[in-house]
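**Student:** Pasting the sequence and the predicted coordinates here, then a few questions.
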Amino acid sequence: MANAASGMAVEDDCKLKFPELKSKRNYRFIIFKIEQQQVVVEKLGGPDESYEDFTNSLPINECRYVVYDFDFTTDENCQKSKIFFIAWAPDTSKVRAKMVYASSKDRFKRELDGIQVELQATDPSEMSLDIVKARAI
C-alpha cells in the first residue's frame with residue numbers, strides 16, 4: 001500500500017524478513033533499497049557475516065536502508081543484542097535519491113516493529129564499529 005505522503009510502498013517481503021532477523025536470528029543484516037516506488041529487499045546477510053561484510057555490501061554512491069542485528073558484551077560480561085536501523089545516504093549519492101529516502105524513512109521504519117537504535121550515515125566513518133558499539137551500550 002503506497003503512502004500518500006511519500007508515495008512509497010513497502011514490499012511484503014520486507015515485512016516478512018524482518019521478524020526472521022529479529023526473532024529467529026536467521027540473518028545478521030538486511031539491506032533494503034527503493035526500486036520503482038517501493039522498498040524491496042536487496043540483500044540478506046547470513047548470521048555468520050561480520051560487520052565488515054555488511055559495510056562492504058553497501059554501495060558507495062547510492063542510498064540504502066539497513067537493519068543490522070548487533071551482538072555485544074556489556075561491561076558486566078552479559079551477551080546482548082540490539083537491532084539497528086541505519087539510513088545510508090552517502091554524500092556522493094544523487095540529491096533526488098537522498099530526498100526520496102529521507103521522506104520515506106519514517107514510514108518504512110514504522111513497518112519494522114522492534115528497531116532499538118537508529119543511525120544516519122553519510123560516510124562510512126559515521127557508522128564505524130566503534131560508533132555502533134557506543135550507541136548499543
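**Tutor:** Okay, I see it.
**Student:** For the most centrally placed residue in the chain, report the pLDDT, please.
**Tutor:** For the chain, the residue sitting closest to the mean C-alpha position, by Cα atoms, centre = their mean, is residue 66 at 1.5 Å. Residue 66 is assigned a predicted lDDT (pLDDT) of 98.
**Student:** Can you tell me the SS state at it?
**Tutor:** Using DSSP: H, G, I helix; E, B strand; the rest coil, the structure places residue 66 in strand.
**Student:** same deal with the one 3 residues further on?
**Tutor:** Following three-state DSSP, residue 69 is assigned to strand.
**Student:** List the residues that contact it.
**Tutor:** Residues in contact with residue 69, defined by Cβ atoms under 8 Å, 6 or more residues apart in numbering, are 21, 22, 25, 27, 28, 29, 81, 82, 83, 84. Yep, even glycine has a C-beta here, placed from its N, CA and C like the rest.
**Student:** which of the residues you listed count as buried?
**Tutor:** For these, a neighbour count by 16 or more other Cβ atoms under 10 Å gives the buried set as 21, 22, 27, 28, 29, 82, 83, 84.
**Student:** contact partners of stretch 94-114?
**Tutor:** Stretch 94-114 is contacted by residues 3, 5-6, 8, 10, 14-15, 18, 22, 32, 34, 39, 62-65, 67, 83, 85, 87, 89, 115, 118 when judged by Cβ under 8 Å, 6+ apart.
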